[in-house]
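S.K.: got a predicted structure plus its sequence, pasted below:
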Amino acid sequence: MRPSEGQSVLRLLIDENPSPTLEEIAHERGYECAHVSHMGYSGAKDWNLKRIILDGDWTFLTANNVDFRGPADAPGSAGEYADVLLHAGLICISTDGPLNRAGQQAVFRALLDELDLRGDLTNSVLEVKVHASSNITFRIYRLPAETNPA
């Protein structure tokens, strides 16, 4: 994604479980992207990755959804992002079954298409659900949730 003038640059950091080949696909599409294993952070604990993500202003892509956003029915109530007031975005991928490398790449390309449409994910979570039928659905919500001022 090449941002237009005045638009922020979305920087993707991919967790270690998704294939490192996704990084090259992102580069081909014009995204700044890194994979934690290529940055030397394989095996890093989530709380250590959190500091790297936030300090680097990365939009983080993970399949460890509960570890970062908390439970699906109460996002932000737990997980590494529970106390984060400002972040560049979180992308949580879940599947009904395992995905091989080609499947991950296909889902990632669809995700990049979605990001091309949405742009900035500041303080948002983009949930990517891959169904057994190979359909992909997207859902976006704020994290932290917006509250009405008193």
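M.R.: Looks like it came in fine.

S.K.: count the neighbours of Leu22 for me.
M.R.: By other CB atoms under 10 Å, 22 other residues sit near Leu22. All C-beta atoms are positioned from the backbone trio N, CA, C, and that covers glycine.

S.K.: centre of the chain to whichever strand or helix holds it, how far?
M.R.: Using DSSP states H and E, Leu22 sits within helix 21-28. Mean-position distance between helix 21-28 and its chain equals 14 Å (CA atoms, centre = their mean, to the nearest Å).

S.K.: elements contacting it?
M.R.: Packing partners of helix 21-28 (3 or more CB pairs under 8 Å, 6 or more residues apart in numbering; DSSP states H and E): strand 11-14, strand 32-35, helix 101-118.

S.K.: Ser77: which of these is closest?
M.R.: Ser77 lies closest to strand 11-14 among these, at 23.6 Å (CB to CB).

S.K.: what's the most buried one of the helices and strands packed on helix 21-28?
M.R.: Ranked by mean neighbour count, the helices and strands packed on helix 21-28 are led by strand 11-14 with a mean of 23 (mean count of other CB atoms under 10 Å).

S.K.: for that strand, packing partners?
M.R.: With contacts defined as 3+ CB pairs under 8 Å, 6+ apart, strand 11-14 has these neighbours: helix 21-28, strand 32-35, strand 59-62.

S.K.: hmm, 10 Å instead?
M.R.: helix 21-28, strand 32-35, helix 46-55, strand 59-62, strand 90-95, helix 101-118 (3 or more CB pairs under 10 Å, 6 or more residues apart in numbering; DSSP states H and E).

S.K.: cheers, nothing more for now.
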